[in-house]
Each structure stands twice: as C-alpha cells, then as structure tokens.
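predicted model and sequence follow; I will ask about them next.
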Amino acid sequence: MFASPTIARRDRGAQLKALAIAAALTASAWPVVAQETARTVFLPVANEAAPKLHVSPPEPEALARGVAIVPYRLENFRVLPIFGPAAAAVSPRAGHLHVTVDDLPWHWADAGATDAVVVAGLPAGRHRVLLEIATPDHRVIEGRTVDFVVPASPAAAHANH
C-alpha cells in the first residue's frame, strides 16, 4: 500500500527534473514574450487605434423582471478604476464608462469591466440607456444608446383588474 523510500526518491527526482526543464523553457522564452509585448501593446496613446464601443440590446428574460442587462464590448480600450488627468496617458488606453438612464441629467461611472451594465427596478414602459467611453479625466470619446421596452409584468397587470 505504501511506496518504498527508493521508489519515492525516484519519483521525486523525475518531478524535479520536469520542473527544471519547464523553468528552463520558460526562461528562454521570456525575452521573446517581453519583446513582443513591448512592441505590439505598449504604444504612446496618440499612436493607438481609436476605441470602439459595441452595445447589444438588453436580455429579454431579465427585462420581463424589470431589469435591463445591457451587454457591451470594447475594442482598443480597457475599463479600469483609474481617474484623473495623470491616468489619461496610460497605455494601452484605459478609462471607464459613463451610464445615463432615460436621459436623466446625471450619470454614474462604471469602472468594473464586467462586459454588461445592469439597471434594476425599471417600471414597465420605454427606456433608454446611454453608454459612453470616458477617459480617466471624464472626457467622452464615444457613446452608444440602446432603446428598449420593459413589458408590463403579469402580476401587475393582474392586480389592476
């Protein structure tokens, strides 16, 4: 049931040899990876491709519950919790989203990088959500609006009769 000390030593030797080979391969590949990263990713912000924001309609199943889950996808832009003028030069380009609901005069900043904005407690009816890519110092780069309808819930319709 138990391995002899000789067998255990041989197995440990094989494991150490495999780890040494893996470490050597990783170390030899590291300069290539670092060089590639520096050449293709870390560019001055002025030379980076323009950010793009893609927004999809809210998920219908959630809308039936009065919750708008608005998926989004970003190109050439990272959402990070960094703010202020000093962070505007970070490369690759980073910032946050401004989220405005129903053309209200205020918005909030989303710096969570969740790939979806969630707005709960919406009453039945037409709604609009505006997502805007913003730099760390709140300069808006691009925005997209999604319009949708929250259906009347069966429970609310039944209570009105």
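Arrived safely, thanks for sending.

now do the buried residues in stretch 62-72.
Buried residues in stretch 62-72, defined by neighbour count with 16 or more other CB atoms under 10 Å: 62, 63, 66, 67, 68, 69, 70, 72. The C-beta positions use only the backbone N, C-alpha and C, and glycine is treated the same way.

farthest pair in the residues you listed?
66 and 72 (20.2 Å; CB to CB).

for residue 46, which three-state class applies?
Of the three states, residue 46 takes helix under DSSP: H, G, I helix; E, B strand; the rest coil.

neighbours of it, how many?
A total of 7 residues lie near residue 46 under the criterion other CB atoms under 10 Å.

before we move on, what about the one 5 residues further on?
For residue 51, the neighbour count with other CB under 10 Å is 18.

I'd assumed residue 78 was in contact with it.
No. With contact defined as CB atoms under 8 Å, residue 51 does not reach residue 78; the gap is 9.4 Å.

so which of the buried residues of stretch 62-72 comes closest to residue 83?
For those, the nearest to residue 83 is residue 72 (19.8 Å; CB to CB).

quick one: the helices in the chain?
5-40, 60-63, 154-159 (DSSP state H).

returning to what we had before: switch the buried residues of stretch 62-72 over to a markdown table; also include distance to residue 113 and pLDDT.
Listed next are the buried residues of stretch 62-72 as a markdown table, based on distance: CB to CB, whole Å; pLDDT from 0 to 100:
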| residue | distance to residue 113 | pLDDT |
| --- | --- | --- |
| 62 | 20 | 95 |
| 63 | 23 | 95 |
| 66 | 25 | 94 |
| 67 | 20 | 96 |
| 68 | 19 | 97 |
| 69 | 15 | 97 |
| 70 | 15 | 97 |
| 72 | 10 | 97 |
